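**Q** give the three-dimensional model of this entry:
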Amino acid sequence: IAGTMAAIAILVLFLIKWNSLLNKEVRDRTQELLESERSKKELEGSFDTMKRYLDEVLREVNAWKKRGY
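**A** Numbers count the residues shown, from 1 in each chain. Model prediction:
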């Protein structure tokens, strides 16, 4: 019986350790995902800003073409 109890105790300790490692991995991956989403939003914002700027430049170029410059 003592051997069985020791085996069960070792198994429980192993599972507790494994669970803590998995929780840490989930935390790390979640942090990476949040950082990735933040970067994506920043890139989308800069893309939108650049698009507006290019649209404005193209309007100016077209206005200059219409004037014959």
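**Q** this structure: helices as residue ranges?
**A** Under the criterion DSSP state H, helices of the chain are mapped to 2-67.
**Q** give the residue farthest from the middle of it.
**A** Here the chain reaches farthest from its C-alpha mean at Ile1, the gap being 50.3 Å by C-alpha atoms, centre = their mean.
**Q** could I get the pLDDT score of that residue?
**A** pLDDT recorded at Ile1 is 92.
**Q** same question, Gly68
**A** Looking at Gly68, the pLDDT reads 80.
**Q** count of neighbours near it?
**A** The burial count assigned to Gly68 is 5, neighbours taken as other C-beta atoms under 10 Å. All C-beta atoms are positioned from the backbone trio N, CA, C, and that covers glycine.
**Q** could you do Ala6 as well?
**A** When neighbours are counted by other C-beta under 10 Å, Ala6 registers 10.
**Q** ok, Glu35 next?
**A** Neighbours around Glu35, by other C-beta under 10 Å: 10.
**Q** please tell me how far it sits from Lys41.
**A** Here the criterion is C-beta to C-beta, to the nearest Å. By it, Glu35 lies 11 Å from Lys41.
**Q** go on, Asn62?
**A** 32 Å.
**Q** do Leu33 as well
**A** Leu33 is 13 Å from Lys41, by C-beta to C-beta.
**Q** over to Leu21?
**A** 31 Å.
**Q** repeat that for Leu22.
**A** Per C-beta to C-beta, Leu22 is found 29 Å from Lys41.
**Q** ok, now Leu34?
**A** According to C-beta to C-beta, Leu34 and Lys41 sit 11 Å apart.
**Q** same question for Leu58.
**A** From Leu58 across to Lys41, the span is 26 Å (C-beta to C-beta).
**Q** alpha carbons only: can I get stretch 8-15 in PDB?
**A** Output of stretch 8-15 as PDB, limited to C-alpha atoms (Å, rounded to 0.1, in the frame of the first residue of the first chain):
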ATOM      1  CA  ILE A   8       0.100   8.300  -6.500                       C
ATOM      2  CA  ALA A   9       1.900  11.200  -4.600                       C
ATOM      3  CA  ILE A  10       4.600  11.300  -7.300                       C
ATOM      4  CA  LEU A  11       1.900  11.300 -10.000                       C
ATOM      5  CA  VAL A  12       0.100  14.200  -8.300                       C
ATOM      6  CA  LEU A  13       3.300  16.200  -7.900                       C
ATOM      7  CA  PHE A  14       4.100  15.600 -11.600                       C
ATOM      8  CA  LEU A  15       0.600  16.700 -12.700                       C
END
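**Q** okay then, goodbye and thanks.
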